[in-house]
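Engineer: Fold the stuff below for me.
(one chain, ligands or ions: 2)
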Amino acid sequence: MDNVEIQGHVGTLHFIRFPTSEMRVFLELAKSKGIATLASTVCATGGGAYKFEEDFKREVNLELHKFDELDSLICGIHYIEANCEEECYYFNNPLNEELCEKKHFDFSNPYPFLVVNIGSGVSILAVYAPGHYKRVTGTSLGGGTFLGLCCLLTGCETFEEAIALAEMGDSTKVDKLVRDIYGGDYPKFNLQGDTVASSFGNMISKDRVGAASKEDLARATLVTITNNIGSIARMCAVNEGIVKVVFVGNFLRVNPISMKLLAYAMDFWSKGTLKALFLEHEGYFGAVGCLMELMKTGC
Ligand SMILES: Nc1ncnc2c1ncn2[C@@H]1O[C@H](COP(=O)(O)OP(=O)(O)O)[C@@H](O)[C@H]1O
Ligand SMILES: CC(C)(COP(=O)(O)O)[C@@H](O)C(=O)NCCC(=O)O
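Structural biologist: Ligands and ions are numbered 1, 2, ... in the order given. This is a model prediction of the structure:
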C-alpha cells in the first residue's frame, strides 16, 4: 500500500508472508543481514509472538512488542478498510460460472459485523464499534484441518498443491448427497437433491473409494471444511442479529472455491438475509493492527 499515512508518517506498507515452520531460516537470514542494526522495534502478534520470543532475543537480539491477535485483527480490519478504497467485496451469482461477478462493497458504515477468521483454526468475533468486540465462538475445524487432511488423503505437501488438486476434483464422488438417499429432492424441508447430506458419506463403499481420485478427495475435504465453517458462521450471525459476515484468514488465499461456496451458502441458507463479505488483504490484518497498536505506544 503506497502513500500510507500512519500518525504523521507517510510511507509504503509491504506485505510478505512465510510459514512459521520456516522461522529458523528467517532468523538466520535476519542475522546475516544484520537486522538488529536496522530495526529498533519489531511488533508481533499471534501465537508465534510468544512461541518465538526467546529465539528473536537470542538469535538477533531483538525484543518483540507483543499485541493480542484478535485485538490486532479488528484494529487492522478497521485501518485497512478506512484506507484502501477497493478492499471489501462480495460475489453475485457465486456458483454460476458465467454469471458470477466479484463486486465492490461499500463498507464505510460497517457496524455491527461478524468476523470469521479462518486460520489454522477458526475464531468468530462480533464487532459492534471500533475496539468494541467479543469472541462469539470458534471451531478447531479450520484451514489447518483442510491442509492436514488433504496431505493425509492425497499425499500433497503444500497448500497450493492441495488447492490445485481441489480445483480439478468432484466432491460429489465422495460426499453422499440428498439424492443418493432420497433418489431426488426432499421438498418438505426444501432440501434439493444436490445438497450434501453426509460429507464423505460415499466412502463407506469400496467401489466408490476406488472410483474417487485424489482430486475428488481434495475437493471434498475443501467443501466439507468450508461448509462447516459457513454453517457455524450463519448460526452465529442469526444468534447475534448481525447480517454482515466478513470472512478473512489465509485459508481464503488463492481459494475462490471456498469464497464462492461461503457466499452461496450464506445467501441460500439465510434466504438472502445474510451477506458474505471478503477483504483483499485477507491474511494480513493481524500484522497491520499490530503495527497500529505499536504506533499508539509512540515507539
Ligand atoms: N502457503 C501456505 N502455506 C501453508 N498454509 C497456507 C498457505 N496459504 C494459505 N494457507 C492456509 O492458511 C491457513 C493458516 O492461516 P493463517 O491466517 O496464516 O492462520 P495462522 O495464524 O493460524 O497461521 C493454513 O492452515 C492453510 O489452510
Ligand atoms: C487458537 C486460535 C485463536 C489461534 O488462531 P489461528 O492461529 O488459528 O489463526 C484459533 O485457532 C481458534 O480459535 N481455534 C478454535 C478454538 C475453539 O475451539 O474455539
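Engineer: so how far is Tyr284 from Asn93?
Structural biologist: 28 Å (CB to CB, to the nearest Å). In this view, the C-beta of every residue, glycine as well, is placed from N, C-alpha and C.
Engineer: of those two, who's got more company?
Structural biologist: Each of Asn93 and Tyr284 has its neighbours counted (other CB atoms under 10 Å); Tyr284 has more, 20 against 14.
Engineer: With adjacent residues omitted, what lies nearest to that one?
Structural biologist: Phe15 (5.1 Å; CB to CB, 6 or more residues apart in numbering).
Engineer: if I pick the one you found, what's in contact with it?
Structural biologist: Applying CB atoms under 8 Å, 6 or more residues apart in numbering to Phe15 gives the contacts 281, 284, 287.
Engineer: okay, now the first one: neighbour count?
Structural biologist: If I follow you right, that is His281. Residues lying near His281 (other CB under 10 Å) number 18.
Engineer: Which helix or strand contains Asn117?
Structural biologist: Under the criterion of DSSP states H and E, Asn117 resides in strand 113-118.
Engineer: Could you list every helix and strand in contact with that strand?
Structural biologist: helix 69-83, strand 122-129, helix 214-240, strand 244-248 (3 or more CB pairs under 8 Å, 6 or more residues apart in numbering; DSSP states H and E).
Engineer: Report the angle between the next helix or strand after the last one and helix 214-240.
Structural biologist: This means strand 244-248. Going down the chain from strand 244-248, the next helix or strand is helix 256-269, by DSSP H and E. Counting by axes from the mean of the first three to the mean of the last three CA atoms, to 10 degrees, helix 256-269 points 40 degrees away from the direction of helix 214-240.
Engineer: Which strands or helices does helix 256-269 pack on?
Structural biologist: Using 3+ CB pairs under 8 Å, 6+ apart as the test, helix 256-269 ends up in contact with strand 88-92, helix 159-168, helix 214-240, strand 244-248, strand 275-279.
Engineer: Surely Tyr186 and Val178 touch.
Structural biologist: Yes: using CB atoms under 8 Å, Tyr186 makes contact with Val178 at a distance of 5.5 Å.
Engineer: Give me the more crowded residue out of the two.
Structural biologist: Ranked by neighbour count (other CB under 10 Å), Tyr186 and Val178 place Val178 first, with 19 against 16.
Engineer: Model confidence for the residue nearest in space to the middle of the chain, exactly?
Structural biologist: By CA atoms, centre = their mean, the chain has its centre lying nearest to Gly249, at 2.8 Å. On the pLDDT scale, Gly249 is placed at 98.
Engineer: Check Phe268 too.
Structural biologist: The model reports Phe268 with a pLDDT of 92.
Engineer: can you check Cys299 too?
Structural biologist: In this model, Cys299 carries a pLDDT of 56.
Engineer: now swap in Val288 and tell me
Structural biologist: 95.
Engineer: Can I get the helix or strand containing it as CSV, trimmed to CA atoms?
Structural biologist: Secondary structure assignment for Val288, by DSSP H and E: helix 285-297. Output of helix 285-297 as CSV, limited to C-alpha atoms (Å, rounded to 0.1, in the frame of the first residue of the first chain):
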residue,chain,number,x,y,z
PHE,A,285,-5.0,-7.8,9.3
GLY,A,286,-3.3,-9.1,12.4
ALA,A,287,0.0,-7.7,11.3
VAL,A,288,-1.4,-4.3,10.3
GLY,A,289,-3.4,-4.0,13.5
CYS,A,290,-0.3,-4.8,15.5
LEU,A,291,1.6,-2.0,13.7
MET,A,292,-1.3,0.4,14.6
GLU,A,293,-1.1,-0.7,18.3
LEU,A,294,2.7,-0.1,18.2
MET,A,295,2.2,3.4,16.8
LYS,A,296,-0.2,4.2,19.6
THR,A,297,2.5,3.5,22.1
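Engineer: could you check the angle strand 275-279 makes with it?
Structural biologist: 70 degrees.
Engineer: Just the residues contacting helix 285-297, thanks.
Structural biologist: By CB under 8 Å, 6+ apart, helix 285-297 touches 6-7, 9, 13, 15, 41, 43-46, 65, 67, 69, 71-80, 248, 279, 281.
Engineer: now swap in stretch 148-163 and tell me
Structural biologist: Outside stretch 148-163, the residues touching it (CB under 8 Å, 6+ apart) are 146-147, 165-166, 214-215, 217-218, 221-222, 225, 253-255, 257.
Engineer: Centre of the chain to it, how far?
Structural biologist: Here the centre of stretch 148-163 is set off from its chain's centre by 17 Å, with CA atoms, centre = their mean, to the nearest Å.
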